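In: output the structure for:
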Amino acid sequence: MNAAAGSSSEGSSHVENGKDTAIGARLRAARNQRGLQIETVAEQLHLDTAIIRAIESEDKTTLPAPIFVQGYVRSYARLVGLPEEELVQQYIAQCNEPPPLAAIGTDSRVPLVRLPSARLVRNAILILLGGILLWLAYPLLERFIENRSGIVEEQLPGRLELPPAYEDETPPVSSRPAE
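Out: Predicted coordinates:
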């Protein structure tokens, strides 16, 4: 009876080829061998100490979803110098989780109409708006250029040309009799 109890307790920590294969026990042994405390490991992995303790004791009720624990185990194994992929594969096997989904193939159909990139569309719109602004501003620019081009006639010194005071009337006749 005692032997049966001993074999059932070994069922949770598998022994293969003289090596303890329980993930938590391997991680704990490697951590102790390196002289690391649980708090140090938790700080370096940016995890809570309760998660490190749960990984080492393999308490699945305290641990989050298995996909997260896979990453924790990978990081922990890297920190203590154990083979990462081996421990992760072992954890996946213990969890009885289906393997993560992977894309088998993508649809490589070429679309009938290729749409231009957003940058190209933006640049075309900006050029079009610039052209419209120049077209609308052309009359103003033309007047500005005419005023600046020197249409103003240069006056000779000492001569001032005045426009006639009365354009429709003839100049007034002087009232003095001719002598």
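In: break down this protein into its strands, ranges please.
Out: Here the chain has its strands, by DSSP state E, at 15-16, 19-20.
In: mean pLDDT lowest where, among the ones you listed?
Out: Mean pLDDT per stretch puts strand 15-16 lowest among the strands of the chain, at a mean of 42.
In: and residue 53, what does it touch?
Out: 38, 59, 62 (C-beta atoms under 8 Å, 6 or more residues apart in numbering). Bear in mind the C-beta positions are built from the backbone N, C-alpha and C, glycine included.
In: can you rerun that using 10 Å?
Out: Going by C-beta atoms under 10 Å, 6 or more residues apart in numbering, residue 53 touches 24, 28, 38, 42, 59, 62.
In: same thing with residue 41?
Out: 27, 31, 34, 47, 49, 52, 55-56, 75-76, 79-80.
In: at 7 Å instead, please
Out: Going by C-beta atoms under 7 Å, 6 or more residues apart in numbering, residue 41 touches 31, 52, 76, 79.
In: can you add pLDDT and neighbour count and give those residues back as CSV?
Out: Converted to CSV, the contacts of residue 41 look like this (pLDDT from 0 to 100; neighbours: other C-beta atoms under 10 Å):
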residue, pLDDT, neighbour count
31, 93, 20
52, 91, 24
76, 92, 28
79, 91, 18
